[in-house]
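1. Could you work out the structure for the sequence below:
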Amino acid sequence: MADQTANPTSLPVPATARTGPVSHAIFRLARLHRMVAGQILRKAGLHPGQELVMMHLWDCGPARQAELVGVLDSDSATMTRTVQRLEKAGFVRRVPDPSDRRASIIEPTVASQALHREVERLWGELEEATTKGCDDAERAELLRLMSKLECNLVERAFGPTHPRTD
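-> Model (predicted):
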């Protein structure tokens, strides 16, 4: 393992990662962010990822499950479990797709509107926990740099003709 004194994080930085310190830092950050998000979202009875499904439905309206899989970069099995759990909690309902009887449309329920306000509040709590100690300029710089990294990875994953996210 690499010298831990240079990086006092939750995971030791392996010597092999010395050629990718930014990538290793992103891995550590994403892991911790998901853990804290889970702790915060649990207050609303949600698991990480479920709030993203709900956010999409609240913003864009009812959607086919296949659309949710694509938009949220999930897989069918995970999305099926997520929708089932949200349905069991009363936050979504499935209705038959009038254009394809094999498919269902997932739509937010009236009961999910109270959850909407709670998720918005909890998302703010997560933002504060994540950026605590950063001023507005630092937050803007973080967003700028993360957008740049995201664009680099989108181009690598999908090619240079893929629509940019910036």
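2. hey, let's count contacts and neighbours off CA atoms from now on
-> Will do.
3. so how far is Pro160 from the nearest residue to Gly38 once chain neighbours are set aside?
-> The spatial neighbour of Gly38 that comes closest, neighbours along the chain excluded (CA to CA, 6 or more residues apart in numbering), is Pro48 at 5.4 Å. Distance, Pro48 to Pro160, by CA to CA, to the nearest Å: 31 Å.
4. Between the two, which is the more surrounded one?
-> More neighbours surround Pro48 than the other of Pro48 and Pro160, with 17 against 12 (other CA atoms under 10 Å).
5. So the more buried one: helix, strand or coil?
-> Using DSSP: H, G, I helix; E, B strand; the rest coil, the structure places Pro48 in coil.
6. Could you measure from it over to Leu145?
-> Going from Pro48 to Leu145 by CA to CA gives 24 Å.
7. ditto for Ala129
-> Between Ala129 and Leu145 the computed distance is 19 Å (CA to CA).
8. before we move on, what about Val119?
-> For Val119, the distance to Leu145 (CA to CA) stands at 26 Å.
9. Name the residues of the longest helix belonging to the chain that are buried.
-> Scanning the chain for the longest helix, with DSSP state H as the assignment, gives helix 136-158. By 16 or more other CA atoms under 10 Å, the buried positions in helix 136-158 come out as 151, 154-155.
10. Quick check: mean pLDDT of that helix?
-> What helix 136-158 shows for mean pLDDT is 95.
11. One more: stretch 67-82?
-> On average, the pLDDT along stretch 67-82 is 93.
12. residues of stretch 82-98 that come out buried?
-> When burial is assessed from 16+ other CA under 10 Å, stretch 82-98 yields the following buried residues: 82-83, 85-87, 91-94.
13. Quick one: these as TSV, columns for secondary structure too.
-> Output for the buried residues of stretch 82-98, formatted as TSV (three-state DSSP):
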residue	secondary structure
Thr82	helix
Val83	helix
Arg85	helix
Leu86	helix
Glu87	helix
Phe91	coil
Val92	strand
Arg93	strand
Arg94	strand
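14. Just put the residues you listed in CSV and tack on distance to Val13.
-> Shown next, in CSV, are these (distance: CA to CA, whole Å):
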residue, distance to Val13
Thr82, 33
Val83, 37
Arg85, 36
Leu86, 37
Glu87, 41
Phe91, 41
Val92, 42
Arg93, 45
Arg94, 45
